[in-house]
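In: here is a sequence with its predicted model. Questions after.
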Amino acid sequence: MSTKQTAAMIGLIGVFVLVASCASPPANTITITGEYIESTPDIDYGFAVQAFDADAGTQYEENTVDLANSRVVAKYETTNEHGDVEFVEFASGNFVDGKVTLSGSFDVPTMVEISVDVEGFPPRPIRSVVAPNDVLEFVMVARTVPMPIGRLMTLGRSSQVLDSDRKFLISGDFSDMEQELTSFTASAVAMGQFQRDQFTFSDFGTVLMQDGRFELEAEISEPTVVRVMIQADPAYYAMANAIVEPGAEISVRPYGGSANLLHLEGTGTHAEVIGKHESSPEYRELTDTFIEEFVEYQTQLMESGSTEARPNVERKPAEYLLAEGCEHLVPEEVIQPLTVVGMEYPPYWESYTARNEIQISSLENTALNDQDPMKRLIALELGAYGPSSDEPRKAVAIYDELASELSEDVVARRVATQRTSLLASIETAENNQLLQVGQMAPEFTLPDLDGTDVSLSGVLEKNEVVFVDFWASWCGPCIAAFPELKELYADYRANGFEILAVSIDSTMEDWQQATDVHEIPWLNLGQIGDDSDADGTVSKTYGAQTIPKGYVLDKKGCIIGKDVFPDRLEEFLVAQYGVHEESSSDEPNTLKAVTE
């Protein structure tokens, strides 16, 4: 039996003693105290608030859940007879006047999980190691508008350490922030690794700072990239990457009082990979310049009352080539593609990009030349030769080298799947560049919800214009376009206009549910995660790097529009078939001819 299993068994005995004996206070008692804090509606607290119930597709009613009096459950970690880790309840209680106190008896430091038993949107449980005779303090920050939702976090400090040989520490001090901010929280999450046929993310804790300071300590077995996130009211959010490993100590503080940047200092791999460029005088000088220019730009925007901070973009019609079989196309039959010829960037853009170039150059140098394969892997994970770089295929070659240099376990978790994903991303981007207006659309066949295979060529034979729309149930802009597309479909369906939707959802259930909720009337095919096309052949072939992704095809399968949204699609249909006029009677809809 391992040390951890032994500790869990002893902890179980301690809990049994607590339950069985009421004659006197138990020895080695741990105490858990919680406080309920209700936030105001305009404060975010980092909630991922959803405005609609995914199951019903309707807005969630307010005040249907009593968070202030919800039940708090405490569980301890143990190992069952099958060797699986599980959490067993040892205490529970309700918030009373915003407070709750729970207790249990343990003879050794024990991993404890705290959760809230509430309907609707329960907070994510938190975990922390508690030693005998210690007190664990937590808070639940809650909001009731637009729906009841809460967030659990420990107070000041979080520890997930049972094995001190694997311990790392992230600490921060924000007590000297120039801005007037409150409710500082800190959290740390490891980047995803591939385990048990899925990507997993390690949550190392969330802490509500005390006096502007916090500590997060947890266990790790190897150098790992961790995302450190700091949030506060009102509207403060900052994020930075750290590299943690056994024995690592990372300190976090605001960079020059900036509301957007953090300064991290660390030991070991962090210092040798991230610290290498962040400690350079040129990088620091550019960072200072960027902060100064960015703050000045934000101030000007606020004083002018403007909310537009995006670059001004100038576009002009782009040239296109006609493929064999598409020579018949004339400009009047094409949705003219546009290309960017000029872009006005904000004043801070030059210092921002120059700063990032130093960072990427340093990471790429590490990925190519460092003698330590783990540091090379870390550099790739931090963005060296990523999909948006000029030479992304270099990362594929480096992954291939690392596959023979790292252990089989590391390769399975952090190399093999990442290489495959990167290569697919590269090929998708390349296809996106090749598949332009004037080219022939690639043929494909996919099933509909009934399992019937539908081919693109078969759809083209029966229609004059086909809009191929890549979408997913989780894609907000995709769903937002449905009302306009439904109007166009109803207006021009009789003219031979068809929409061929391709869902890239992960499950049939998600695809089916979204189809039912949004009442999709057009042809609806699926490239679903558990289908034979799960490698993304169709979306990859069509260069669908992001969605929504829309192509307009003529009857011969030639691309006459790319990256088309409903407004431009409507302009095209009106030009081809005339303006649709709704009839005030029961007579069929009519079209009014367009004249110059």
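Out: In hand now; what should we look at?
In: could you grab the helix/strand/coil label for residue 141?
Out: With DSSP: H, G, I helix; E, B strand; the rest coil as the basis, the three-state label of residue 141 is strand.
In: who does it bridge with?
Out: Per DSSP bridges, residues listed as beta-bridge partners of residue 141: residue 37, residue 151.
In: can I get the helix or strand that residue 103 is a member of in CSV? Just the C-alpha atoms.
Out: Element membership of residue 103, judged by DSSP states H and E, is strand 99-105. Listed next in CSV are the C-alpha coordinates belonging to strand 99-105 (Å, rounded to 0.1, in the frame of the first residue of the first chain):
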residue,chain,number,x,y,z
LYS,A,99,-21.8,31.5,7.5
VAL,A,100,-21.2,27.8,7.7
THR,A,101,-18.9,25.6,9.8
LEU,A,102,-18.0,22.0,9.2
SER,A,103,-15.6,19.7,11.0
GLY,A,104,-14.0,16.2,10.8
SER,A,105,-11.3,14.2,12.4
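In: which other helices and strands contact it?
Out: Contacts of strand 99-105 with other secondary structure elements, assessed using 3 or more C-beta pairs under 8 Å, 6 or more residues apart in numbering; DSSP states H and E, are made with helix 3-20, strand 29-38, strand 71-79, strand 85-94. Where C-beta positions appear, they are placed from N, C-alpha and C, glycine not excepted.
In: tell me how far residue 520 lies from residue 499.
Out: As for residue 520, its distance to residue 499 is 9 Å (criterion: C-beta to C-beta, to the nearest Å).
In: what sits closest to residue 35 if chain neighbours are left out?
Out: With C-beta to C-beta, 6 or more residues apart in numbering as the measure, residue 139 is the residue that lies nearest to residue 35, at 4.9 Å, once sequence neighbours are left out.
In: residue contacts, that neighbour?
Out: Neighbouring residues of residue 139 by C-beta atoms under 8 Å, 6 or more residues apart in numbering: 34, 35, 36, 37, 152, 153, 155, 208.
In: of those, buried ones?
Out: Judged by neighbour count, with 16 or more other C-beta atoms under 10 Å as the criterion, the buried members of the contacts of residue 139 are 34, 36, 152, 153, 155, 208.
In: which single one of the residues you listed is nearest to residue 449?
Out: Among the buried ones among the contacts of residue 139, residue 152 lies closest to residue 449 (C-beta to C-beta), at 38.9 Å.
In: let me see the contact set for the closest one.
Out: Per C-beta under 8 Å, 6+ apart, neighbours of residue 152: 114, 115, 116, 123, 124, 125, 126, 138, 139, 140, 206.
In: strands - which of those residues land there?
Out: 114, 115, 116, 126, 138, 139, 140, 206 (DSSP state E).
In: so which strand or helix has residue 411?
Out: Taking DSSP H and E as the definition, residue 411 sits inside helix 408-414.
In: model confidence over that helix, on average?
Out: This predicted structure assigns helix 408-414 an average pLDDT of 93.
In: got the contact list for the helix or strand just after it?
Out: Moving toward the C-terminus from helix 408-414, the first helix or strand encountered (DSSP H and E) is helix 416-434. The set of residues external to helix 416-434 that reach it, using C-beta under 8 Å, 6+ apart, is 194, 199, 380-381, 386-387, 392-393, 395-396, 399-400, 403, 535-536, 539-545.
In: what about the longest helix in this protein?
Out: Scanning the chain for the helix with the most residues, using DSSP state H, yields helix 281-304.
In: what helices and strands are in contact with that one?
Out: Using 3+ C-beta pairs under 8 Å, 6+ apart, the elements in contact with helix 281-304 are helix 349-369.
In: buried sites along the helix it packs on?
Out: The neighbour-count check on helix 349-369 (16+ other C-beta under 10 Å) flags 349, 351, 352, 355, 358, 359, 360, 362, 363, 364, 366, 367 as buried.
In: what sits against the last one?
Out: Contact criterion C-beta under 8 Å, 6+ apart gives 376, 379, 380, 384, 385, 394, 395, 398 as the residues in contact with residue 367.
In: can you count the residues close to the fifth one?
Out: This points to residue 385. The burial metric for residue 385, expressed as a neighbour count using other C-beta atoms under 10 Å, is 24.
In: how about the secondary structure of it?
Out: Here residue 385 takes the coil state, with states given by three-state DSSP.
In: show me the contacts for the nearest residue to it once chain neighbours are set aside.
Out: Beyond its immediate neighbours in the sequence, the residue positioned closest to residue 385 (C-beta to C-beta, 6+ apart) is residue 395, lying 3.7 Å away. Neighbour list for residue 395: 367, 380, 384, 385, 386, 389, 422 [criterion: C-beta under 8 Å, 6+ apart].
In: how close does the third one sit to residue 360?
Out: If I follow you right, that is residue 384. The gap separating residue 384 from residue 360 is 7 Å, by C-beta to C-beta.
In: the fourth one too?
Out: For residue 385, the distance to residue 360 under the criterion C-beta to C-beta works out to 9 Å.
In: mind listing the helices for the stretch 151-300 of the chain?
Out: In chain order, the stretch 151-300 of the chain shows helices spanning 269-278, 281-304, with DSSP state H, counting those that start in this stretch as the criterion.
In: which of those helices sits most buried?
Out: Among the helices of the stretch 151-300 of the chain, judged by mean count of other C-beta atoms under 10 Å, the one packed with the most neighbours on average is helix 269-278 (a mean of 21).
In: looking at the buried residues of helix 349-369, which is nearest residue 464?
Out: Each of the buried residues of helix 349-369 was scored against residue 464 by C-beta to C-beta, and residue 349 proved nearest at 44.8 Å.
In: ok, back up a step: compare neighbour counts for residue 520 and residue 499 and give me the winner.
Out: In this view residue 520 and residue 499 are compared by other C-beta under 10 Å, and residue 499 has more residues nearby, 23 against 19.
In: for the more buried one, which residues are in contact?
Out: Residue 499 makes contacts with 466, 467, 469, 485, 489, 522, 523, as judged by C-beta under 8 Å, 6+ apart.
In: tell me which of these fall in strands.
Out: When strands are assigned by DSSP E, the members of the contacts of residue 499 inside them are 466, 467, 469, 523.
In: how about low-confidence regions in the stretch 301-450 of the chain?
Out: In the predicted model, the stretch 301-450 of the chain carries pLDDT under 70 at residues 305-318, 338-343.
In: residue ranges with poor pLDDT in the stretch 451-596 of the chain?
Out: Segments of the stretch 451-596 of the chain classed as low confidence (criterion: pLDDT under 70) are 530-536, 580-596.
In: where along it do the helices fall?
Out: Per DSSP H, counting those that start in this stretch, the stretch 451-596 of the chain has helices spanning 456-461, 476-480, 482-492, 508-518, 537-541, 566-577. These are given in chain order.
In: now do the last one: distance to the chain's middle.
Out: The gap between where helix 566-577 is centred and where its chain is centred comes out at 34 Å by C-alpha atoms, centre = their mean, to the nearest Å.
In: what of the second one?
Out: Its chain's C-alpha centre and that of helix 476-480 lie 17 Å apart, by C-alpha atoms, centre = their mean.
In: how close does residue 399 get to residue 392?
Out: The spacing between residue 399 and residue 392, counted by C-beta to C-beta, is 11 Å.
In: which of the two has more neighbours?
Out: The neighbour count for residue 399 versus residue 392, taken as other C-beta under 10 Å, is higher for residue 399 (23 against 17).
In: for residue 381, see how far away that one is.
Out: The spacing between residue 399 and residue 381, counted by C-beta to C-beta, is 11 Å.
In: same thing with residue 478?
Out: Relative to residue 381, residue 478 is positioned 29 Å away (C-beta to C-beta).
In: quick one, which of the helices of the stretch 451-596 of the chain is packed in tightest?
Out: When you average the neighbours per residue for each of those (mean count of other C-beta under 10 Å), helix 537-541 leads with a mean of 19.
In: contacts for that helix next, please.
Out: For helix 537-541, the surrounding residues in contact (C-beta under 8 Å, 6+ apart) are 424, 427-428, 431, 435, 442, 444, 446, 470, 502, 504, 527, 549.
In: mind checking how far that helix is from the chain centre?
Out: 22 Å.
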